[in-house]
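1. Structure for the following, please:
(one chain, ligands or ions: 1)
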Amino acid sequence: MRRHDHGSSASPASEAKTGNAARVDAETDGSERAGAETGGRGEREETAVRLRGVGKSYGKGHTAVEALRGVDLTIGTGELVVLLGPSGSGKTTLLNLIGGIEPASAGTVEVAGRSLAGLDEDARTAYRRDAVGFVFQFFNLVPTLTAMENVRLVAELVDGERGGRRAGRGRRRERAREALESVGLAGRADHFPAQLSGGEQQRVAIARAIAKDPELLLCDEPTGALDLETGLGVLRVLQDLNRRGRTVLVVTHNAAIAAIAHRVVRMRSGEVVDVATRAVPADAGEVAW
Ligand SMILES: Nc1ncnc2c1ncn2[C@@H]1O[C@H](COP(=O)(O)OP(=O)(O)OP(=O)(O)O)[C@@H](O)[C@H]1O
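-> All right, here's what the predicted structure looks like:
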């Protein structure tokens, strides 16, 4: 099994900064599980995300804000990681950097072994479009399109841009149907967003995110606008997708969601202050808040 350099790459300084000696072990855990899948051409990278010394600042002078400060974090392929922290601690900023929505001010962000810093605007757009699925708090569905059309829209955009990989219309419809099925909504394909509950709308948004078969699913407060029951339905879908091999990063205020994570990352004031591993993540069905 190919092994990672987590032990050596996590410098004493960064360990001291996170104040968490378990961090290196926790990272090794994730890569070992994923490592079994790697080793040859065409196989998956064992590290999904690697951040080293990542900083992000906004503005200048007396209005400058340091949203992220020296963040080191590794996410193994196939992990479900929950990122917790109070408002303003930098969670969304971190997600946006990993998703290529904005560039880091310092340090390196690598996804599936490729550095995002070297990408020009076109390559960054292609990366966002092809490699990352985004799920937001307020679903962001197009209200005048049905569930199926919302999902297909993204599949068509992606196919339209991916030279040489154009799928036929039938194949795109099939892929969209598969995505809706995988979130338990095949029966609601022809409903408009207003005819769906909040939880169902979020599941359509998840179907839309996975229809393009992204390497990474980035979720920002995916249950934030939902009541307990519908929120748990969404968590079940995310856990199910993760169990089928997808890497999932969930940003949330809701500490109860941490129960389903392989690893829980806590942030405060732009820094990672703790990383904890769960030997056996809870079933989403067992979570309550
Ligand atoms: N575009 C921006 N311009 C200026 N400051 C920003 C910008 N985006 C974020 N910030 C600041 O960066 C810090 C981190 O914000 P971020 O949204 O990442 O926090 P968060 O942990 O996701 O918070 P919340 O849970 O409230 O969404 C905050 O102080 C915020 O005001």
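2. which bits of the protein sit near the ligand?
-> 58-59, 65, 67, 85, 87-93, 253 (CB under 6 Å from any ligand atom). Placement of C-beta: from N, CA and C, glycine included.
3. which ones among those are found in strands?
-> 58, 65, 67 (DSSP state E).
4. Just the pLDDT for the nearest residue to residue 285 once chain neighbours are set aside.
-> Computed as CB to CB, 6 or more residues apart in numbering, the closest residue to residue 285 that is not its neighbour in sequence is residue 236, at 6.6 Å. On pLDDT, residue 236 comes in at 91.
5. to the chain's geometric centre, what's the distance from the regular element (helix or strand) spanning residue 236?
-> Per DSSP states H and E: residue 236 is located in helix 228-243. Centroid displacement of helix 228-243 relative to its chain, using CA atoms, centre = their mean, to the nearest Å, is 14 Å.
6. next one: stretch 277-289
-> Remark: stretch 277-289 is offset 18 Å from the chain centroid, using CA atoms, centre = their mean.
7. same check, this time on stretch 145-160
-> 20 Å.
8. Now that stretch: buried residues?
-> Residues of stretch 145-160 classed as buried by neighbour count (16 or more other CB atoms under 10 Å): 146-156, 158-159.
9. okay if I get those as JSON lines plus pLDDT?
-> Shown next, in JSON lines, are those (pLDDT from 0 to 100):
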{"residue": "146", "pLDDT": "96"}
{"residue": "147", "pLDDT": "96"}
{"residue": "148", "pLDDT": "95"}
{"residue": "149", "pLDDT": "94"}
{"residue": "150", "pLDDT": "94"}
{"residue": "151", "pLDDT": "94"}
{"residue": "152", "pLDDT": "91"}
{"residue": "153", "pLDDT": "85"}
{"residue": "154", "pLDDT": "76"}
{"residue": "155", "pLDDT": "71"}
{"residue": "156", "pLDDT": "72"}
{"residue": "158", "pLDDT": "66"}
{"residue": "159", "pLDDT": "64"}
